[in-house]
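Student: Here you go, sequence then predicted model.
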Amino acid sequence: METDSPDEPDLRLEEFRLWVHDRQFPDAADFWDGNWLRVTARMEANGARVETSGALIRIDELAAFSRELKKLIETLVATAELRCLEPNLHLLLQGDGLGHIAVTVNITPDQLAQSHRFIFGVDQTYLWPLATACEGILQKFPFRGSL
């Protein structure tokens, strides 16, 4: 599972990185099968490196995160959360209204036997590049089907 890829990640926030490889089911056009993305996510901090990969994120989950990021950019007091159906990855960004953003990354390659939480802070200047990265992924992998 380890990915020492020289490729730039599709999304980055400090030492959190996400690479989007492709759709899990490239030929599926329906809501449930057509919107799963195969990804690799990695978080590194203070001697720790946790990586997980597979069909972990849905396009609708990433779209909701992108919308919440835009609200956080506008208000600085909102939260933006990448809520994944798969328990391997979860991101939470919370603004304090002063431009400080608290970030919590929960990531695990084995949700039955491990849990890893990373907590760090960034400032508001990190939000726009993150939102732009989300939009780039959403343009490359448009939403399919309807609920």
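Tutor: That came in fine, so what should we check first?
Student: low pLDDT regions in the chain?
Tutor: Along the chain, segments meeting pLDDT under 70 span 1-6.
Student: in it, which spans are strands?
Tutor: 11-13, 16-23, 36-45, 48-58, 79-83, 89-95, 100-107, 117-123 (DSSP state E).
Student: So for Q111, what's the nearest residue that isn't a sequence neighbour?
Tutor: With sequence-adjacent residues excluded and distances taken as Cβ to Cβ, 6 or more residues apart in numbering, Q111 is closest to P87, at 4.3 Å. Just so you know, the C-beta spots here come from the backbone N, C-alpha and C atoms, and that holds for glycine as well.
Student: cool, and F120?
Tutor: Once flanking residues are discounted, F120 sits nearest to V103: 5.3 Å by Cβ to Cβ, 6+ apart.
Student: Now for the one you found: which residues touch it?
Tutor: By Cβ atoms under 8 Å, 6 or more residues apart in numbering, V103 lies in contact with L13, E14, F16, L91, L92, L93, F118, I119, F120, G121, V122.
Student: one step back: reformat the strands of the chain as JSON lines; add distance to C134.
Tutor: Output for the strands of the chain, formatted as JSON lines (distance: least, Cβ to Cβ, whole Å):
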{"stretch": "strand 11-13", "distance to C134": "7"}
{"stretch": "strand 16-23", "distance to C134": "10"}
{"stretch": "strand 36-45", "distance to C134": "12"}
{"stretch": "strand 48-58", "distance to C134": "11"}
{"stretch": "strand 79-83", "distance to C134": "9"}
{"stretch": "strand 89-95", "distance to C134": "11"}
{"stretch": "strand 100-107", "distance to C134": "15"}
{"stretch": "strand 117-123", "distance to C134": "15"}
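Student: Which one of these lies nearest to L69?
Tutor: With Cβ to Cβ as the measure, strand 79-83 is the member of these nearest L69 (4.4 Å).
Student: who's in contact with the residue at minimal distance from the centre of the chain?
Tutor: In the chain, the centroid-proximal residue (Cα atoms, centre = their mean) is L82; its distance is 5.8 Å. Residues in contact with L82 (Cβ under 8 Å, 6+ apart) are I57, E61, L62, F65, L89, H90, L91, L92.
Student: quick one: contacts for the fourth one?
Tutor: With contacts defined as Cβ under 8 Å, 6+ apart, the neighbours of F65 are A80, E81, L82, R83, L91, C134.
Student: Many thanks, I have nothing further to ask.
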